[in-house]
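Colleague: Let's see this in three dimensions:
(4 chains)
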2 protein chains.
Amino acid sequence: MSKFDSTLDLCFSALGDPTRRMILERLARSEATAGELAEPHSMALPSFMEHLKKLEAAGLITSEKKGRTRVCQLAPDAFSPAKNWLTEQSVIWEERLDQFDDYITNLMKEKNK
Amino acid sequence: MSKFDSTLDLCFSALGDPTRRMILERLARSEATAGELAEPHSMALPSFMEHLKKLEAAGLITSEKKGRTRVCQLAPDAFSPAKNWLTEQSVIWEERLDQFDDYITNLMKEKNK
DNA sequence: GCAATACTTAGGGATTTTCCTAAATAATTT
DNA sequence: AAATTATTTAGGAAAATCCCTAAGTATTGC
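Modeller: Predicted coordinates for the structure are as follows:
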């Protein structure tokens, strides 16, 4: 992805990978070091660390170096941007109340024929 | 992505692109043809149609050929899988009640030092 | 100090993604 | 029937993604 991605781009893209969702599911339970997080994934460490980087770039996790370990946590309100966007769209969709807008739209289309 | 992606993989990945989110935002308001949807995007039609394909593969929209047009709609419950996953994680996170789990985890780690 | 541990950096390869142009097809409209 | 409209198919280039190995660097335990 390009250098000019919005939070939502980064956030949703990060969530689109199963390895990264597993990491988040793990971190929802408690903080953990990079090594602990990597364990269940049969993947070379450098590859795995890239996933952590993407999660952090998306604002989904934070991490801090403690001694030789890197401790990761779920970011506070990590999921808010994504949830808010989804909720907004759902609300707009539901406000259409039985496709009333479509009814009007179609009516007007018929008129212009 | 591979041929064996889960709904969540496809769904979140589809949402990770601004063009595709714009399409969904448009469709939350009313159904539209491929051409109508493409208009605001300065992009060759074949490129644009690929975005529609991804949204449909992710179960976010449905489409139907009507005459020479392809009419697209938001899929019913399009956002449920994504919203559900996000909500589940938020719940688990919030259940930790002021980092109580972390407190225990850290206590045990200290013990094992 | 020396070895072990926990990453981190560097570089590279296969696949996927995101865009393009050109040409084909299918359904109106004239 | 011929032209126009609305895609659709085919093929391809550039960049991003996701994985790897090999070789650092920094911290900790002996």
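
Colleague: And residue A:73, how far from residue A:29?
Modeller: Noted for residue A:73: a distance of 11 Å to residue A:29, by C-beta to C-beta, to the nearest Å. In this view, the C-beta of every residue, glycine as well, is placed from N, C-alpha and C.

Colleague: ditto for residue A:8
Modeller: From residue A:8 to residue A:29 the distance is 26 Å (C-beta to C-beta).

Colleague: Now do the same for whatever residue of chain A ends up closest to DNA strand D: its pLDDT.
Modeller: Residue of chain A nearest DNA strand D, by C-beta to the nearest atom of the strand: residue A:67 (2.4 Å). Per-residue confidence at residue A:67 stands at 96 (pLDDT).

Colleague: again, but for residue A:3
Modeller: Residue A:3 is given a pLDDT of 57.

Colleague: Check residue A:100 too.
Modeller: So residue A:100 comes in at 63 (pLDDT).

Colleague: Residue A:59 now?
Modeller: 97.

Colleague: Look up how far DNA strand C lies from the residue nearest to it when sequence neighbours are not counted.
Modeller: Distance criterion C-beta to C-beta, 6 or more residues apart in numbering or on different chains; nearest residue to residue A:59, sequence neighbours excluded, is residue A:75 at 5.7 Å. Residue A:75 sits 17 Å away from DNA strand C, going by C-beta to the nearest atom of the strand, to the nearest Å.

Colleague: for residue A:22, same thing?
Modeller: Counting by C-beta to the nearest atom of the strand, the gap from residue A:22 to DNA strand C is 16 Å.

Colleague: Domain ranges for chain A, per the record?
Modeller: A:7-74, A:80-111 (automatic domain parsing).

Colleague: Now do the closest residue to residue A:45 other than its chain neighbours: how many residues are near it, please.
Modeller: With sequence-adjacent residues excluded and distances taken as C-beta to C-beta, 6+ apart, residue A:45 is closest to residue A:38, at 6.0 Å. If you count neighbours by other C-beta atoms under 10 Å in any protein chain shown, residue A:38 ends up with 20.

Colleague: what's near enough to touch residue A:38?
Modeller: With contacts defined as C-beta atoms under 8 Å, 6 or more residues apart in numbering or on different chains, residue A:38 is in contact with A:45, A:48-49.

Colleague: who wins for neighbours among those residues?
Modeller: That'd be residue A:48 among the contacts of residue A:38, by other C-beta under 10 Å, with 19 neighbours.

Colleague: which other residues reach the helix or strand encompassing that one?
Modeller: Per DSSP states H and E, residue A:48 falls inside helix A:45-57. With C-beta under 8 Å, 6+ apart as the contact definition, helix A:45-57 has outside contacts at A:10, A:13-14, A:17, A:19-20, A:23-24, A:34, A:37-38, A:41, A:61-63, A:70, A:72.

Colleague: Report the helix or strand with the lowest average pLDDT across chain A.
Modeller: Lowest on mean pLDDT, DSSP states H and E among the helices and strands of chain A sits helix A:100-111, with a mean of 62.

Colleague: need the residues of chain A near DNA strand D, please.
Modeller: Proximity of chain A to DNA strand D, by C-beta under 7 Å from any atom of the strand, involves residues A:1-3, A:13, A:16-17, A:19, A:42-48, A:50-51, A:54, A:67-68.
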